[in-house]
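> Quick one: sequence plus predicted model below, questions after.
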Amino acid sequence: MQRRDVEFTDHGYLVLRAEVAQEFFPFNVLVALRRGPELWLLPTRGAAAGGLILKQRNLRGDRSVLVRETLDDVIPHGTRPAFWDDANGALRVALVEPDA
């Protein structure tokens, strides 16, 4: 289980590095679910399947998605750890500080 880092912005976007987005969300679409102290991001197979669209954020290929509504406007700020959960097919993002 390899740890990844993701970033929440002040405006409610979640930013994924290009490598993370390409590895786990190759169709640039996902479903975001709040599960307790985590945000689960599940890939879908294209925009026709529904979900949130990952937008290209910069020339490097980093992606962002608006998750403010999923988190009821309670947005963590800064970098948070995440890991891929094979059993559930989800990238699980910690919403609380690792030291909290």
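Nice, thanks for sending it over.

> Got phi/psi on A49?
The phi/psi pair for A49 (degrees, to the nearest 10) reads phi -80, psi -10.

> Report the beta-bridge partner residues of the closest residue to it other than its chain neighbours.
Of all residues not flanking A49 in the chain, V29 sits nearest, at 6.7 Å (C-beta to C-beta, 6 or more residues apart in numbering). Every residue, glycine included, has its C-beta placed from N, CA and C. Listed by DSSP bridges, the beta-bridge partners for V29 are I53.

> contacting residues for V29?
By C-beta atoms under 8 Å, 6 or more residues apart in numbering, the residues touching V29 are 43-47, 49-54.

> how much space between it and Q2?
23 Å (C-beta to C-beta, to the nearest Å).

> hang on, the earlier thing: per-residue confidence for the residue nearest to A49?
Note on V29: pLDDT of 96.

> Give me the distance between it and G78.
From V29 to G78 the distance is 25 Å (C-beta to C-beta).
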